[in-house]
Structures are given as structure tokens and as C-alpha cells.
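> Here is my input, please return the structure:
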Amino acid sequence: MLHRDPPPGAGRQVDFSTGDVRRSVLAVAAPMLVAQVLNLLYNIVDRIYIGKIPGEGTLALAGLGLCFPLVTLVTAFANLFGVGGSPLCAIARGQKDNRTAGRIMTNAWFMLLVCGVVLTALGLVFHKPILYLFGASDSTYPYAADYLTIYLLGTVFVMTSLGLNPYINCQGFARTGMLTVLLGAVVNIALDPLLIFGAGLGVRGAAIATVISQGLSALWVVRFLTGPKTELRLVLRGFRPDWACIRRVAALGTSSFVMSFTDSLVQVACNATLRSFGGDLYISVMTVINSVRQIAQTPVMALSDGASPVISYNYGAGNVPRVRKAIRFMTQLGFGYTMLFWGLVSLFPAAFISIFNHEEALLAAAVPSLHIYFFGFVMMAFQFSGQSVFKSLNKAKHAVFFSLLRKAFIVVPLTLLLPHLFGLGVNGVFLAEPISNIIGGLACYITMRRTVMPELTAMEQRATQTL
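Model (predicted):
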């Protein structure tokens, strides 16, 4: 059952077709930023508490870091059908085709549930050999296993909350999407100290808190998308999978999947190489640096995610000037932010590291590594801008290629190669990231400008000729 017009009580829905474009982008991006910051807290708070467990914080932090590739893999599958389908949903809405938009959303949820069940089963069966393959030692494996086996039990919740939330945002209900994450984050932050320290459960307590909080977020999302306030409603009664629709969603979502999957691949390569060249200490260092990177990139991700439904909707509606303005605003604001954060990390590296751990050995190793890793961070603005445009306009092949280019074709080979050259050792692992940012970011953005802008110009000319 679909509403043809915005239903009563949906007054907070953002209209992408009118008003100032910058305000439309920020109206979506601001709640998304809050949501993503809260989502960041979801994960960061675990690391902060775990890193400060008396007497075992550094090892426990390394164990948690070993779980990141599998946690990221779950996110990758959520993005495959969540981020993959939401631009198509927004384009359909721009074309006033709510029936197609609703079908996209329902088929995506079906695939999210299927993937969640399969990932849970495979992870529980094969987690031990996988963790050792990822760089676990006999000292760090118990911590990693304690966290991962519990976390995997909530995979369906993670898939539902992360995968369906973009369908709330692409309808213009950005505040509701923010509340999805707010609910889970508040519960997680409240439960973490109670379970980790109060109940003495350590890393298991952090995992239990995460599962409970994600379960509540999932319930919130499903309740909203089956309720009266949504424009597009989830209806599973009489549902049969539409495989052609699922293939379209997966084709576009492959770029987001590849971005997350290659993040997982990079983490595996980094952990394995660091264990050979620096031991468990440097796995802890990389866990901290990855956490700082997540803090750093969250606002620029929120900005690109906020611009995406505005770009998709107006592209579907044929309103080229608004598409251009949204792309320009997203790029300029992202560039300014990444330049600012790069400066802060360069000036105050110890302050960022100390959020997670105060041990002198870790600080001594992490400060120079952080300087190397964040060199050229400003180029990430171009990567996010180009990727966002390709996804928003359903340019699946371009989006997939540039997802692969930066991580799979540049970072992973350099991570494995550089430590063996010129005596770089562990510094070679951290140097791979800035090289990929510069090459991959510029290549992605320049290609976007050379391919998308001529198409938009042609659309404008056709529209003028028909008048």
C-alpha cells in the first residue's frame, strides 16, 4: 500500500524539488551528521572502554581490531542493498513512480534478511580460522572470539537498521533516520560501562550492548516503514522476490559494497603485515588510528550522503541546475572540512590517540604513524564527492571501479610491498593510505567532472529544445 501524496503528520519531510539547494542538502545532511556521529559513538565507545580495561586494555583493543574486517563485511552487505537501492528509490520518487520505489525498498529488505542469516551462520562456524588468518595470536584470539561470536548473533538487526535507514532518508524523513541511530547509540553508551565493568563481562559486555542496541534500532526502522507516517510502506503480505529489481539494486549497491569490502580487505592486510613487522602493539595502534579516521571522515560522509537524495531526486525530475548546485556545494564544503581536520590532527596527534589509550608505548608508536597516515587527508573530499555523484546518478560501473581503484588496486598492494622497501617497516603500512588518497581521490573526481557534467549539459539542451 503506497501513499501518492505526503501523508498527514509527515510535516518534517524535506521537499527536494523547491527552495535553496544548499538548505535542502543541509536539511538532510545535518540530521545524517548527527546520526553518523551517534553511529560512530556506537562503535567508538566500545573501543574507549575496552582500551581502558585495567591490565589488559592494549591486548583487548588488538583483539577488537581483529574483528573489524568481519564487522565491516556485515556493513558491506547492508550497503549493497541499502545504499544500493535508496538512490534508485529517490530517482523513482522524482519521476512520481511510487509503486516502483516501494518495490525497490521491499525487495531490498528481503535480501537484507537473507544475507543476515547466511552471514551469521558462516561467521559462527568459521570464526576461529578466519581470526587467525586475519592476524590473531594466542594472546589476542580469546578477546576477538569473545566479542565476535556475540556480535554475530545480532547480524540480522544490523542489516535491518543500517540497510533500511537509507530508505527513510531518501523519502526526506532525515530526522526520523537520525532517531534510528540515536536510539541505538544512547542504549549502547548506557549499557557499555554497566556490562563491561559493572558486570565484569569485558569485551563480551561490549558485544552484548551492541546487539541489544542494534535490535532496538531495527525495531524502530521497521515500525516506521510499516506505519502511517511513511510515504513508501513495507508490505510483505503476498511478497514474491522480483529478481530483476534485486539485480538493479545490487548493481548500483556494488560500489558501496566494494568500498566496505575493500575496507575489510585493507584491515586484514594491515593487521597481518603489522603483526609481522611490529607485533600486537602495532595492531592496537592501527585500531586506534582507524578509530580516529572514522571520527575524521564522518562529517564528510554525512555531507555526501545528505547531498545524494537531493541529486538523485532532481536528476530523476530533470532539474539539472539543482543537480549542479548540489554537487558544487557538497564538494566545496567537504574540501574545507577535510583541510581543517587535517590541520587539527597534525597539530594535536596525542590528543586524538589518548581518547582510546594512555599507555606510553602505544602513544610513542601511534603519534608518528598518525602523521603519516593522515598526510593528504584533504583528498578524501574529492573521493567522497565523486563517488557520491556516481551512486546518485546510477553510474554503477564508475562507482564500482573507483571503489576498487583506491583500496584494492592501490592500498592493499602498497601495504604488502612498502614495508619491504627502503627499510620502511611498519611506516610502509601507514604510508599506503595517503598515496591512495591522492591518486584515487583525484582520479575519481576528475573522471566525474569529465563524464557527468557533459551529460548534464546535454540534458539541459534537450529540455530547452522541447520548450
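
> distance of residue 304 from residue 178?
16 Å (CB to CB, to the nearest Å). All C-beta spots, glycine's among them, are computed from the backbone N, C-alpha and C.

> Secondary structure element holding residue 365?
helix 360-373 (DSSP states H and E).

> got the CA positions of that helix in CSV?
The C-alpha trace of helix 360-373 is given here as CSV (Å, rounded to 0.1, in the frame of the first residue of the first chain):
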residue,chain,number,x,y,z
GLU,A,360,53.2,5.3,26.9
ALA,A,361,54.4,2.6,24.5
LEU,A,362,51.2,2.9,22.4
LEU,A,363,51.4,6.7,22.3
ALA,A,364,55.1,6.6,21.3
ALA,A,365,54.3,4.3,18.4
ALA,A,366,51.0,5.9,17.3
VAL,A,367,52.0,9.6,17.0
PRO,A,368,54.4,9.3,14.1
SER,A,369,52.1,6.7,12.5
LEU,A,370,49.2,9.1,12.7
HIS,A,371,51.1,11.8,11.0
ILE,A,372,52.0,9.5,8.1
TYR,A,373,48.5,8.0,7.8
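
> residues making contact with it?
58, 278, 281-282, 284-286, 288-289, 292-293, 345-346, 349-350, 352-354, 357, 426-427, 430-431, 433-434 (CB atoms under 8 Å, 6 or more residues apart in numbering).

> Kindly recompute the last result at 10 Å.
By CB atoms under 10 Å, 6 or more residues apart in numbering, the residues outside helix 360-373 that reach it are 51, 57-58, 61, 274, 278, 281-282, 284-290, 292-293, 345-346, 349-350, 352-354, 356-357, 359, 424, 426-434, 437.

> And it, what's buried?
Under the neighbour-count criterion of 16 or more other CB atoms under 10 Å, helix 360-373 has 362-363, 365-366, 369-370, 372-373 buried.

> could you check the angle helix 360-373 makes with the top helix by length along the chain?
Counting residues, the longest helix found in the chain (DSSP state H) is helix 426-466. Put simply, helix 426-466 runs at 40 degrees to helix 360-373, going by axes from the mean of the first three to the mean of the last three CA atoms, to 10 degrees.

> Tell me the gap between helix 426-466 and the middle of its chain.
Centre-to-centre, helix 426-466 and its host chain are 20 Å apart (CA atoms, centre = their mean, to the nearest Å).

> about what we covered before: settle it for me: which of residue 304 and residue 178 has more neighbours?
Using other CB atoms under 10 Å as the criterion, residue 304 and residue 178 rank with residue 304 on top: 28 against 23.

> Can you list the helices and strands that the helix or strand residue 345 falls within packs against?
In the assignment (DSSP H and E), residue 345 maps to helix 320-347. The contact analysis (3 or more CB pairs under 10 Å, 6 or more residues apart in numbering; DSSP states H and E) places helix 320-347 against helix 21-51, helix 280-317, helix 349-353, helix 360-373, helix 380-392, helix 426-466.

> Deepest-packed of the ones you listed, please.
helix 380-392 (a mean of 27; mean count of other CB atoms under 10 Å).

> Next secondary structure element downstream of it?
helix 396-404.

> so what does that next one touch, helix or strand wise?
helix 243-277, helix 380-392, helix 426-466.

> Out of the ones you listed, name the one with the poorest average pLDDT.
Mean pLDDT is lowest for helix 243-277 among the helices and strands packed on helix 396-404, at a mean of 83.

> quick one: buried residues of it?
245-246, 248-275.

> could you give the angle of it to helix 280-317?
Using the same axes, to 10 degrees: helix 243-277 against helix 280-317 is 160 degrees.

> Can you give the distance of helix 243-277 from its chain's centre?
Helix 243-277 sits 11 Å away from the centroid of its parent chain (CA atoms, centre = their mean).

> Report all helices and strands that that helix contacts.
By 3+ CB pairs under 10 Å, 6+ apart, helix 243-277 packs against helix 57-81, helix 86-94, helix 98-133, helix 280-317, helix 380-392, helix 396-404, helix 412-417, helix 426-466.
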